[in-house]
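*Asks:* requesting a structural model of the entry that follows:
(one chain, ligands or ions: 1)
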Amino acid sequence: MTERTPGTSRVGLGFDAHPFTSSDQPRPLVLGGVHFEGEPGLAGHSDADVVSHAVADALLGAAGLGDIGEHFPDTDPAWAGADSVALLRHVAGLVDAEGWRVANVDCSVVLEAPKLAPRRTAMADALSKAVGAPVSVKAKRAEGLGALGRREGIACWAVALLESKEV
Ligand code: MG
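*Replies:* Okay, the predicted model is just below:
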(Lines give C-alpha, C1' and ligand atoms only; values in the text may rest on other atoms or scores of the structure.)
Protein backbone atom coordinates (compact mmCIF):
# COMPACT_ATOMS: atom_id res chain seq x y z
CA MET A 1 0.00 0.00 0.00
CA THR A 2 1.14 3.56 -0.73
CA GLU A 3 1.06 6.39 1.80
CA ARG A 4 -1.72 8.73 0.91
CA THR A 5 -3.23 12.04 1.93
CA PRO A 6 -6.05 13.93 0.18
CA GLY A 7 -4.76 15.63 -2.95
CA THR A 8 -1.95 13.13 -3.46
CA SER A 9 -1.45 11.79 -6.95
CA ARG A 10 0.49 8.74 -8.08
CA VAL A 11 1.66 7.56 -11.47
CA GLY A 12 2.12 3.93 -12.50
CA LEU A 13 3.75 2.29 -15.52
CA GLY A 14 2.64 -1.03 -16.96
CA PHE A 15 4.24 -3.15 -19.65
CA ASP A 16 3.29 -6.45 -21.20
CA ALA A 17 4.24 -8.53 -24.23
CA HIS A 18 2.87 -11.76 -25.67
CA PRO A 19 4.08 -13.82 -28.64
CA PHE A 20 1.72 -14.89 -31.38
CA THR A 21 0.54 -18.49 -31.10
CA SER A 22 1.89 -21.07 -33.51
CA SER A 23 -0.45 -21.67 -36.44
CA ASP A 24 -1.29 -25.21 -35.23
CA GLN A 25 -2.82 -23.75 -32.04
CA PRO A 26 -5.01 -20.91 -33.29
CA ARG A 27 -6.56 -18.52 -30.76
CA PRO A 28 -8.65 -15.39 -31.19
CA LEU A 29 -6.79 -12.07 -30.99
CA VAL A 30 -8.15 -9.92 -28.15
CA LEU A 31 -6.74 -6.41 -27.60
CA GLY A 32 -8.29 -4.04 -25.09
CA GLY A 33 -11.32 -6.30 -24.82
CA VAL A 34 -11.97 -6.12 -28.57
CA HIS A 35 -11.91 -9.30 -30.68
CA PHE A 36 -10.06 -9.02 -34.00
CA GLU A 37 -11.81 -11.63 -36.12
CA GLY A 38 -9.62 -13.65 -38.47
CA GLU A 39 -6.34 -12.29 -37.06
CA PRO A 40 -3.69 -14.56 -35.48
CA GLY A 41 -4.03 -14.61 -31.70
CA LEU A 42 -1.49 -14.28 -28.89
CA ALA A 43 -0.20 -17.06 -26.64
CA GLY A 44 -0.82 -16.75 -22.91
CA HIS A 45 -2.49 -18.32 -19.90
CA SER A 46 -5.49 -15.97 -19.95
CA ASP A 47 -6.99 -14.57 -23.18
CA ALA A 48 -3.54 -12.92 -23.65
CA ASP A 49 -5.01 -9.41 -23.91
CA VAL A 50 -1.70 -7.60 -23.70
CA VAL A 51 -3.36 -4.17 -23.54
CA SER A 52 -5.63 -4.99 -20.59
CA HIS A 53 -2.65 -6.54 -18.80
CA ALA A 54 -0.46 -3.45 -19.25
CA VAL A 55 -3.29 -1.19 -18.03
CA ALA A 56 -3.88 -3.41 -14.98
CA ASP A 57 -0.16 -3.31 -14.10
CA ALA A 58 -0.09 0.48 -14.47
CA LEU A 59 -3.00 0.78 -12.03
CA LEU A 60 -1.54 -1.71 -9.55
CA GLY A 61 1.86 -0.01 -9.72
CA ALA A 62 0.40 3.44 -9.14
CA ALA A 63 -1.54 2.20 -6.10
CA GLY A 64 1.44 0.26 -4.72
CA LEU A 65 -0.54 -2.96 -4.94
CA GLY A 66 2.09 -5.17 -6.56
CA ASP A 67 1.67 -6.58 -10.03
CA ILE A 68 -0.73 -8.61 -12.11
CA GLY A 69 1.32 -11.80 -11.63
CA GLU A 70 0.75 -11.68 -7.86
CA HIS A 71 -2.99 -11.14 -8.20
CA PHE A 72 -3.63 -13.54 -11.09
CA PRO A 73 -0.79 -16.13 -11.16
CA ASP A 74 -0.39 -17.88 -14.51
CA THR A 75 0.08 -21.13 -12.59
CA ASP A 76 -3.51 -20.89 -11.28
CA PRO A 77 -5.97 -22.85 -13.44
CA ALA A 78 -8.70 -20.41 -12.31
CA TRP A 79 -7.29 -17.81 -14.74
CA ALA A 80 -6.87 -20.12 -17.76
CA GLY A 81 -8.49 -18.40 -20.72
CA ALA A 82 -9.68 -15.61 -18.39
CA ASP A 83 -11.41 -12.52 -19.77
CA SER A 84 -8.73 -9.90 -19.09
CA VAL A 85 -11.21 -7.02 -19.12
CA ALA A 86 -12.89 -8.72 -16.15
CA LEU A 87 -9.47 -8.92 -14.45
CA LEU A 88 -8.97 -5.23 -15.20
CA ARG A 89 -12.37 -4.42 -13.67
CA HIS A 90 -11.30 -6.35 -10.57
CA VAL A 91 -8.03 -4.39 -10.39
CA ALA A 92 -9.94 -1.10 -10.75
CA GLY A 93 -12.05 -2.21 -7.77
CA LEU A 94 -8.93 -2.89 -5.68
CA VAL A 95 -7.55 0.55 -6.53
CA ASP A 96 -10.86 2.19 -5.66
CA ALA A 97 -11.00 0.29 -2.33
CA GLU A 98 -7.57 1.73 -1.46
CA GLY A 99 -8.99 5.24 -1.75
CA TRP A 100 -7.77 6.12 -5.23
CA ARG A 101 -9.65 7.63 -8.15
CA VAL A 102 -8.26 6.92 -11.61
CA ALA A 103 -7.64 10.24 -13.41
CA ASN A 104 -6.71 8.69 -16.77
CA VAL A 105 -4.73 5.96 -18.46
CA ASP A 106 -2.78 6.19 -21.73
CA CYS A 107 -1.53 3.19 -23.74
CA SER A 108 0.92 2.67 -26.57
CA VAL A 109 0.47 -0.65 -28.33
CA VAL A 110 3.49 -1.71 -30.39
CA LEU A 111 2.66 -3.98 -33.32
CA GLU A 112 3.18 -4.29 -37.03
CA ALA A 113 -0.25 -5.83 -37.65
CA PRO A 114 -3.21 -5.78 -37.54
CA LYS A 115 -4.08 -2.11 -37.98
CA LEU A 116 -5.59 -0.77 -34.75
CA ALA A 117 -7.08 2.42 -36.16
CA PRO A 118 -10.49 0.94 -37.10
CA ARG A 119 -10.94 -0.59 -33.60
CA ARG A 120 -9.10 1.97 -31.49
CA THR A 121 -12.24 3.74 -30.31
CA ALA A 122 -13.88 0.42 -29.42
CA MET A 123 -10.78 -0.54 -27.42
CA ALA A 124 -10.68 2.81 -25.62
CA ASP A 125 -14.39 2.51 -24.81
CA ALA A 126 -14.09 -1.04 -23.44
CA LEU A 127 -11.03 -0.14 -21.35
CA SER A 128 -12.55 3.12 -20.09
CA LYS A 129 -15.68 1.27 -18.99
CA ALA A 130 -13.60 -1.32 -17.10
CA VAL A 131 -11.37 1.29 -15.44
CA GLY A 132 -14.08 3.88 -14.80
CA ALA A 133 -11.95 6.69 -16.26
CA PRO A 134 -10.74 7.86 -19.68
CA VAL A 135 -8.32 5.42 -21.34
CA SER A 136 -6.62 6.45 -24.58
CA VAL A 137 -5.07 3.95 -26.98
CA LYS A 138 -2.30 4.69 -29.47
CA ALA A 139 -0.65 2.32 -31.94
CA LYS A 140 3.01 2.35 -32.98
CA ARG A 141 4.93 0.17 -35.39
CA ALA A 142 8.42 -1.04 -34.43
CA GLU A 143 9.55 -0.21 -38.00
CA GLY A 144 10.89 -3.73 -38.55
CA LEU A 145 13.17 -3.65 -35.50
CA GLY A 146 13.55 -6.69 -33.26
CA ALA A 147 10.95 -9.33 -32.38
CA LEU A 148 8.05 -6.86 -32.52
CA GLY A 149 9.23 -5.64 -35.90
CA ARG A 150 9.40 -9.23 -37.13
CA ARG A 151 5.73 -9.69 -36.17
CA GLU A 152 6.56 -12.25 -33.49
CA GLY A 153 4.28 -10.68 -30.93
CA ILE A 154 2.59 -7.56 -29.58
CA ALA A 155 3.69 -5.35 -26.67
CA CYS A 156 1.94 -2.59 -24.78
CA TRP A 157 3.06 0.17 -22.45
CA ALA A 158 0.49 1.94 -20.26
CA VAL A 159 0.71 4.81 -17.83
CA ALA A 160 -1.94 5.51 -15.21
CA LEU A 161 -2.52 8.53 -13.00
CA LEU A 162 -4.34 8.10 -9.70
CA GLU A 163 -5.62 10.83 -7.44
CA SER A 164 -6.45 10.39 -3.81
CA LYS A 165 -10.17 10.55 -3.07
CA GLU A 166 -11.14 13.06 -0.43
CA VAL A 167 -11.42 11.40 2.99
MG1 MG B 1 0.13 -10.63 -20.08
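*Asks:* from the ion, how far out is the most centrally placed residue in the chain?
*Replies:* Centroid-nearest residue in the chain: Ser52, 2.3 Å away (criterion: C-alpha atoms, centre = their mean). According to C-beta to the ion, to the nearest Å, Ser52 and the ion sit 8 Å apart. Any C-beta I mention is one placed from the backbone N, CA and C, and that applies to glycine too.
*Asks:* element containing that residue?
*Replies:* Mapping Ser52 onto the secondary structure by DSSP states H and E places it in helix 50-63.
*Asks:* ok, Gly66 next?
*Replies:* Secondary structure here is read from DSSP H and E; on that basis Gly66 sits in neither a helix nor a strand.
*Asks:* for it, what are its contacts?
*Replies:* Neighbour list for Gly66: Leu60 [criterion: C-beta atoms under 8 Å, 6 or more residues apart in numbering].
*Asks:* over to the one 5 residues further on?
*Replies:* The contact partners of His71, by C-beta under 8 Å, 6+ apart, come to Leu60, Leu65, Leu87, His90, Val91, Leu94.
*Asks:* which non-adjacent residue is nearest the residue in the chain that the ion sits nearest to?
*Replies:* Residue nearest to the ion within the chain: His53 (3.6 Å; C-beta to the ion). Nearest-residue entry for His53: Asp16, 4.0 Å, with adjacent residues in sequence omitted and distances by C-beta to C-beta, 6 or more residues apart in numbering.
*Asks:* still on that earlier bit, could you measure from the closest residue to the residue nearest to the centre of the chain other than its chain neighbours over to Leu127?
*Replies:* Counting by C-beta to C-beta, 6+ apart, the nearest residue to Ser52 once its immediate chain neighbours are dropped is Ser84, at 3.7 Å. For Ser84, the distance to Leu127 equals 10 Å [C-beta to C-beta, to the nearest Å].
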